[in-house]
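Visitor: pasting the structure only:
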């Protein structure tokens, strides 16, 4: 399936134009105080989902028609020293859906689309006791993996190679017994993949374990990552990783050339105008084997680094003045020469491998938690928000959207609202 991206990712890749690379969902590198609040909110959302399922019974399979909504105009104080423009558009009626298959996790269920997000239906999954769906990765119409997180800290990987008719289950022992360890999946082909498990996530510590499989997920070998976060692999041997060991420790960028067994730190020169601020880095976006970009936020300066040699060297490209909107919240995806990056209040789009960028429109409904494009124009996104008035009677809403014009306009596919105690 996707971009996570936390990536991710498939969360969120363009399989037809380059090696699968999961675009991240919400990244695990949020500011720590905000992160703790989000963890609590995530628990509320999960509880609400379970309560809804118990009260309403199993979700009915079948497609849900799209509902036209307005994406509205982007409000931003961003100014540019590079090439950027804004052309907001308000949709009038749903467009004709375009073909394109993908999977997503929505309301605690794995859902599938064959029209690039316009309609979705629930998938039939194997039963894993005392566990919930944490991630999914679809390589093609027949091959898919689903990751279940157990309440006892175990992780179970389910794999199908016949479109879901049969599943093979592999259980991974808990890293922290009795603790729910957030996990993500990524595969670059039918045999080679990685499973990332967060083992510590607090203001004072951040760490993760990387599992590597070379037999399609039947067996896994573990190795430690240099910090907490989610790696992004662009081939069976080459991967990138951005993370830090604690909230007050500067973020670093690492690269592996041996499938994740060892990692080497990569250096980036601070450009002028950053006033000595420590940057937050996004995961790199590679448009082909040689050309890619990486975004770095220096407080109120967004610097785009460019590589033309597969990441061996990076040079400073476009630079934008932005609001203090951290790349720690970035959700990004790409297809061919196009890329889309949302980091909270601003949505940037490029269609020329990062040479120029335009400010695009965000779907309504809260922050973007997942996003994936299946062509240079057609893709989908999930948004979510929640409120807890007086810390009681919390309400959350999750919504799936789709676009056929590269994100200029968005149409609502389906939405779910639930409540739970604070």
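Guide: Structure's in. What do you need? Keep in mind it's a predicted model, so treat the numbers as computed, not measured.

Visitor: In the stretch 51-200 of the chain, what residue spans correspond to helices?
Guide: With DSSP state H, counting those that start in this stretch as the criterion, the stretch 51-200 of the chain has no helices.

Visitor: just for it, where's the confidence low?
Guide: The model of the stretch 51-200 of the chain has pLDDT under 70 over residues 51-94, 174-182, 200.

Visitor: repeat that for 50
Guide: Across the stretch 51-200 of the chain, the ranges flagged by pLDDT under 50 are 51-92, 178.

Visitor: where along it do the strands fall?
Guide: Under the criterion DSSP state E, counting those that start in this stretch, strands of the stretch 51-200 of the chain are mapped to 79-80, 102-106, 109-113, 121-122, 131-138, 144-150, 155-160, 168-172, 183-187, 193-201.

Visitor: So what are the sheet partners of the fourth one and their directions?
Guide: To tie it back to what came earlier, the one meant is strand 121-122. Its sheet considered, strand 121-122 pairs with strand 109-113 (antiparallel) by DSSP bridges.

Visitor: Residue 193 contacts residue 210, correct?
Guide: No. Under the criterion of C-beta atoms under 8 Å, residue 193 is not in contact with residue 210, lying 11.0 Å apart. In this view, the C-beta of every residue, glycine as well, is placed from N, C-alpha and C.

Visitor: So those two - more neighbours on which side?
Guide: Neighbours per residue (other C-beta atoms under 10 Å) separate residue 193 from residue 210, with residue 193 holding more: 28 against 23.

Visitor: Dump the strands of the stretch 51-200 of the chain to CSV, plus distance to residue 294.
Guide: Converted to CSV, the strands of the stretch 51-200 of the chain look like this (distance: least, C-beta to C-beta, whole Å):
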stretch, distance to residue 294
strand 79-80, 18
strand 102-106, 25
strand 109-113, 30
strand 121-122, 37
strand 131-138, 23
strand 144-150, 27
strand 155-160, 29
strand 168-172, 31
strand 183-187, 18
strand 193-201, 19
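
Visitor: so of those, which one's packed in deepest?
Guide: strand 183-187 (a mean of 27; mean count of other C-beta atoms under 10 Å).

Visitor: quick one, it and strand 168-172 angle?
Guide: 130 degrees (axes from the mean of the first three to the mean of the last three C-alpha atoms, to 10 degrees).

Visitor: for strand 183-187, packing partners?
Guide: With contacts taken as 3 or more C-beta pairs under 8 Å, 6 or more residues apart in numbering; DSSP states H and E, strand 183-187 sits against strand 131-138, strand 144-150, strand 193-201.

Visitor: switch the cut-off to 10 Å
Guide: If contacts are counted by 3 or more C-beta pairs under 10 Å, 6 or more residues apart in numbering; DSSP states H and E, strand 183-187 sits against strand 131-138, strand 144-150, strand 155-160, strand 193-201, strand 206-213, strand 232-233.

Visitor: mind putting the ones you listed in a markdown table, distance to residue 251 included?
Guide: Formatted as a markdown table, the helices and strands packed on strand 183-187 follow (distance: least, C-beta to C-beta, whole Å):
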| stretch | distance to residue 251 |
| --- | --- |
| strand 131-138 | 23 |
| strand 144-150 | 25 |
| strand 155-160 | 26 |
| strand 193-201 | 15 |
| strand 206-213 | 10 |
| strand 232-233 | 15 |
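
Visitor: what sits in contact with each of residue 193 and residue 210?
Guide: Shared contacts of residue 193 and residue 210, defined by C-beta atoms under 10 Å, 6 or more residues apart in numbering, comprise residue 220.

Visitor: Spatially, which residue comes closest to residue 349, not counting chain neighbours?
Guide: Nearest residue to residue 349 in three dimensions, chain neighbours excluded: residue 360, at 4.4 Å (C-beta to C-beta, 6 or more residues apart in numbering).

Visitor: Can you tell me the SS state at the residue lying closest to residue 309 once chain neighbours are set aside?
Guide: Nearest residue to residue 309, sequence neighbours excluded (C-beta to C-beta, 6+ apart): residue 290, at 6.0 Å. Following DSSP: H, G, I helix; E, B strand; the rest coil, the label given to residue 290 is coil.

Visitor: any idea of the pLDDT on residue 290?
Guide: Note on residue 290: pLDDT of 90.

Visitor: What is the burial count for it?
Guide: The number of residues near residue 290, taken as other C-beta under 10 Å, comes to 12.

Visitor: With residue 192 instead?
Guide: Close neighbours of residue 192, defined as other C-beta under 10 Å, add up to 19.

Visitor: swap in residue 223?
Guide: For residue 223, the count of nearby residues is 15 (other C-beta under 10 Å).

Visitor: again with residue 339
Guide: Residue 339, neighbours per other C-beta under 10 Å, totals 26.

Visitor: Repeat that for residue 375.
Guide: Number of residues near residue 375 (other C-beta under 10 Å) recorded here: 18.

Visitor: quick one: which of the helices and strands packed on strand 183-187 is nearest residue 412?
Guide: strand 131-138 (22.1 Å; C-beta to C-beta).

Visitor: could you list every residue that touches the nearest residue to residue 113 once chain neighbours are set aside?
Guide: Among residues not flanking residue 113 along the chain, residue 120 sits closest, at 5.0 Å (C-beta to C-beta, 6+ apart). Counting by C-beta under 10 Å, 6+ apart, residue 120 makes contact with 62-64, 102-104, 106, 109, 111-114, 380, 400, 402, 413-414.

Visitor: Ok, which of the strands of the stretch 51-200 of the chain comes nearest residue 389?
Guide: Residue 389 lies closest to strand 102-106 among these, at 25.3 Å (C-beta to C-beta).

Visitor: What pairs with the closest one, parallel or antiparallel?
Guide: Each strand paired with strand 102-106, and its direction, by DSSP bridges: strand 109-113 (antiparallel).

Visitor: got the angle for the strand it pairs with vs strand 144-150?
Guide: 160 degrees.

Visitor: Strands along the stretch 251-400 of the chain, start to end?
Guide: Under DSSP E, counting those that start in this stretch, the stretch 251-400 of the chain gives strands at 252-256, 264-266, 280-281, 285-286, 292-298, 301-307, 315-321, 331-335, 338-342, 347-350, 358-359, 367-373, 379-387, 394-403.
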